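Asker: after the sequence you'll find the predicted model.
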Amino acid sequence: MKVAIIGGGWAGLAAAVELSAAGVEVSVFEAARQLGGRARRIEANGHTLGHTLDNGQHILVGAYRETLRLMSTVGADPEQLLKRIPLELSYPGAGFHLRLPRLPAPLNLAIGLFAASGCNLSEKLSATRFMRILQASKYRLETDCTVAELLDRHQQQGNLCRYLWEPLSLAALNTSPQLASAQIFANVLRDSLAGRRADTDLLLPAADLDRVFPSAAADFIQAHGGKIRLSTRIEQIHTPLEIEGETFDRVILAVAPQHATSLLAKQAETSAIAAMLAKYTYEPIGTAYAGYSPEVRLPCPMLGLDGGSKGKLGQWVFDRGSLCGTPGVMSFVLSAQGAWEQSDSETLITTLHGELEEALARKLPQPLWHRVIRERRATFCCRPNLPRPAAQSPLRGLWLAGDYTCADYPATLEGAVRSGITAARGALMNRPASQ
């Protein structure tokens, strides 16, 4: 059986790895010059030469079981490539700090909440009740609403809401709590904070994103007889399933929804899906790299900035010296729509530098270099009751992959990987015995 995979991001690569492991001949078509999609290494130039940079600072968690499984399958050792640390949310500028101890669940969450500083006992008790209510309902809401409405309904207020629930929602869904789906947020809490102890751990990339999965996946695919074709943009899927003059038994379309729309609109069977995707809106992500002298470091790998305060822009800053072995390199993350979009790169770096000084309560040397990356349509806007297509399309032999098809999850790497695995397993259904 021959399967074509259109798109070499994490969803497409996950599908290709799953199929290759099952002995299927795959061909991956990627429009860009490199694999990885929205989680990839970028070319360093100018002052950034010699530094390992990515197109965004991605965070994984211990609950990303399928991502971890496929990493191990292709020989990308998670223990070497990901720095595993207990969930720690530190906002020194606001005096807030929460760290989950290495204790069995749910004891780790309970002790972590009650030991948190910068919030009062009433907030901690309210947060505990909130999690118990979600657990009692098996994390299913009667009706979807926004995260802000859900938190308000359960009296989640004060610093614990501001520095725990709201940042977790923003980081996971890349959509502001005022717009984000409460049901998807509940799913995230179910599989992370309410999961096994190890599920709550943060897994921060300790190497560039290419090494974390895409390059090892490509080697695995090719070692199993598959083909990788870069700089190859597919404009149409013909029926019978033909791409670039080659006929395939199955096709997996694994591109972002905004790119899938035009391909799906050209087939009568999939035009309704195209119309659904055409109504999607998107959220940006900004990553601002600042290169300081090597002695500049953070007290922990990930530090919270008080971006919710008036005039403040920063949300998180990561010390890539402690993570990736590039001392002095800081990456500031800016999720979803916000005032940061109106700032030019120079102004943005100046503002973030000042906010980092304020958080650390000390003066810092000026950055030696900087680079700002803006992904204006990084993820779909994860709003309540967003319609999501199934993996199996109405067109015979065509399957869809991409985080937008993983209905339980927001636009995360785990959602992308799971969608690729689902599409691959679907493509294997009804496989003739001779194949």
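Answerer: Received it, and whenever you're ready, just let me know what you need. Numbers count the residues shown, from 1 in each chain.

Asker: can I see the domain layout of the chain?
Answerer: Dividing the chain into domains by automatic domain parsing, as the record does, gives the ranges 2-42+207-280+383-427, 87-200, 282-380.

Asker: nearest to Q80, of those domains?
Answerer: Nearest of the domains of the chain to Q80, taken as CB to CB: domain 2-42+207-280+383-427 at 8.0 Å. C-beta here means a position set from N, CA and C on the backbone, and glycine is covered the same way.

Asker: quote the end-to-end distance of the closest one.
Answerer: Between the opening and closing residues of domain 2-42+207-280+383-427 there is a gap of 10 Å (CA to CA, to the nearest Å).

Asker: pull the helix or strand with minimum mean pLDDT from the chain.
Answerer: Across the helices and strands of the chain, mean pLDDT, DSSP states H and E gives its lowest value to strand 242-243, namely a mean of 84.

Asker: what's that one packed up against?
Answerer: With contacts defined as 3 or more CB pairs under 8 Å, 6 or more residues apart in numbering; DSSP states H and E, strand 242-243 has no helix or strand neighbours.

Asker: next SSE after it?
Answerer: As assigned by DSSP states H and E, the chain's next helix or strand after strand 242-243 is strand 246-247.

Asker: picking up where we left off before, highest mean neighbour count out of the domains of the chain?
Answerer: With neighbours defined as mean count of other CB atoms under 10 Å, the domains of the chain peak in mean count at domain 2-42+207-280+383-427, which reaches a mean of 21.

Asker: neighbouring contacts of the least confident helix or strand of the chain?
Answerer: Residues external to strand 242-243 that are found in contact with it (CB atoms under 8 Å, 6 or more residues apart in numbering): A4, I6, S27, F29, I234, I237, F248, V251.

Asker: could you do stretch 272-280 as well?
Answerer: With contact meaning CB under 8 Å, 6+ apart, stretch 272-280 is reached by 257-258, 260-262, 264-265, 380-381, 386-387, 389, 393-394, 400, 404.

Asker: give the contact list for T247.
Answerer: Contacts were defined as CB under 8 Å, 6+ apart; by that measure T247 touches K2, P240, L241.

Asker: need the three-state assignment for E375.
Answerer: The assignment at E375 comes out as strand when based on DSSP: H, G, I helix; E, B strand; the rest coil.

Asker: ok, and the closest non-adjacent residue to it?
Answerer: Counting by CB to CB, 6 or more residues apart in numbering, E375 lies nearest to I285, which is 4.9 Å off, once chain neighbours are set aside.

Asker: sheet partners, orientation included, of the helix or strand containing that neighbour?
Answerer: In this structure, I285 is located in strand 282-291 according to DSSP H and E. Strand pairing for strand 282-291, using DSSP bridges, gives strand 329-335 (antiparallel), strand 369-380 (antiparallel).

Asker: pipe those strands into JSON lines and attach distance to R38 and mean pLDDT per row.
Answerer: As requested, those are arranged in JSON lines below (distance: least, CB to CB, whole Å; pLDDT from 0 to 100):
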{"stretch": "strand 329-335", "distance to R38": "13", "mean pLDDT": "96"}
{"stretch": "strand 369-380", "distance to R38": "6", "mean pLDDT": "96"}
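
Asker: quick check: which element contains L203?
Answerer: With elements delineated by DSSP H and E, L203 resides in strand 202-205, which encompasses its position.

Asker: other SSEs contacting that strand?
Answerer: For strand 202-205, the helices and strands in contact under the criterion 3+ CB pairs under 8 Å, 6+ apart are strand 60-61, strand 82-85, helix 320-324.

Asker: return the set of residues that bridge with D319.
Answerer: Under the criterion used (DSSP bridges), D319 bridges to M330.
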